[in-house]
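**Student:** based on what follows, work out the 3D shape:
(2 chains)
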Amino acid sequence: MSWPLDLEGAGGLAIGLLAGVAFGFILERGGLGDPKKLTGLFYLEDFTMLKVMFAAIAVAAAGIGALSLLGVLDLSRIAVQPTYLWPQAVGGLILGVGFALGGY
Amino acid sequence: MRPYWSPYLAGVALGLTLLATYLLMGFGLGASGAFAQVAARLEGAVAPGRAHANPYLVGYLDAGRLWAQWIVVEMVGVIVGAVLGAWTAGRFAWRLEKGPRIGAGRRLLFAFIGGATVGFASRVAQGCTSGVALSGGAVLAPGAWAFLATFMAGGFVTAWIVRRAWR
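**Tutor:** Next comes the predicted model:
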């Protein structure tokens, strides 16, 4: 079997639903449904968002790297977000402004 | 009410979910794309001529049925999962989360302006904290790290200005 499976059609959508349920459940249980905890980062009072996010990035990145080194996962078929430096830097800045205003 | 999980436990669980998504689908998790999918179709329904003349929106309109879009189905799952998480933890309730020094009306106004700003920004950056920062971060996309850095900067400055809203 070659990974990623690139599931299509109903199978892919079923995985999408399951992944979404897990995503929403974990974020809520981790405290990221609470805007006071989320904005707490910007007052250096609550680092939950940073801890969850960076632990998740570290685990997924290490997993992808390890599975690729073992020859299980074909890295060339993994979608990497294209980098548009200025749009992403400016977009990030504006998104941070909106996030602190709205709380999410 | 059950306490929140340790953030590290939540992070590991989220990382494994993200890893599974990459393994099964070849791409990661997202959020704002679902709103763009819905918004494009809304404009397509209200002002079809205008929507079809817009090359950005046409990409969404030509993608096919709304419910066949992976990110839309995923986002429905996110809502279901979040409600399930809150409900099974005894946290599900109608309330407005806000700091003690801001009124409900102003908090909702800030939420509206903040939401519109985040929506706009997510189109500028081709994604939000989920699609760009989290999923992009996990595959070490340079743009994801630039996004994260400026996201923090924008958040820090704005949070200080609106500190009465949260603290």
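
**Student:** so which residues of chain A form helices?
**Tutor:** For chain A, the helices defined by DSSP state H occupy A:9-30, A:35-40, A:48-69, A:85-102.

**Student:** and the ones you listed: which comes nearest residue B:159?
**Tutor:** Closest to residue B:159 of these is helix A:85-102 (Cβ to Cβ; 4.1 Å). Using the backbone N, CA and C atoms, a C-beta is placed for each residue, glycine as well.

**Student:** which elements pack onto the closest one?
**Tutor:** helix A:35-40, helix B:104-124, helix B:142-161 (3 or more Cβ pairs under 8 Å, 6 or more residues apart in numbering or on different chains; DSSP states H and E).

**Student:** out of the helices of chain A, which one sits most buried?
**Tutor:** Most buried of those by mean neighbour count (mean count of other Cβ atoms under 10 Å in any protein chain shown) is helix A:85-102; its value is a mean of 24.

**Student:** CA atoms only for it - export them in CSV, please.
**Tutor:** Provided in CSV are the C-alpha atoms of helix A:85-102 (Å, rounded to 0.1, in the frame of the first residue of the first chain):
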residue,chain,number,x,y,z
LEU,A,85,5.8,35.4,1.6
TRP,A,86,4.2,38.9,1.6
PRO,A,87,0.6,37.8,1.3
GLN,A,88,1.0,35.3,4.1
ALA,A,89,3.0,37.7,6.3
VAL,A,90,0.4,40.5,5.8
GLY,A,91,-2.5,38.1,6.0
GLY,A,92,-1.2,36.7,9.3
LEU,A,93,-0.9,40.2,10.7
ILE,A,94,-4.5,41.1,9.8
LEU,A,95,-5.7,37.8,11.0
GLY,A,96,-4.0,38.4,14.4
VAL,A,97,-5.8,41.7,14.6
GLY,A,98,-9.2,40.1,14.0
PHE,A,99,-8.4,37.2,16.3
ALA,A,100,-7.6,39.5,19.2
LEU,A,101,-10.8,41.6,18.5
GLY,A,102,-13.2,38.7,18.1
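
**Student:** next, the angle helix A:48-69 makes with it.
**Tutor:** Interaxial angle of helix A:85-102 relative to helix A:48-69 (axes from the mean of the first three to the mean of the last three Cα atoms, to 10 degrees): 140 degrees.

**Student:** what is the mean pLDDT for helix A:85-102?
**Tutor:** Helix A:85-102 shows a mean pLDDT of 98.
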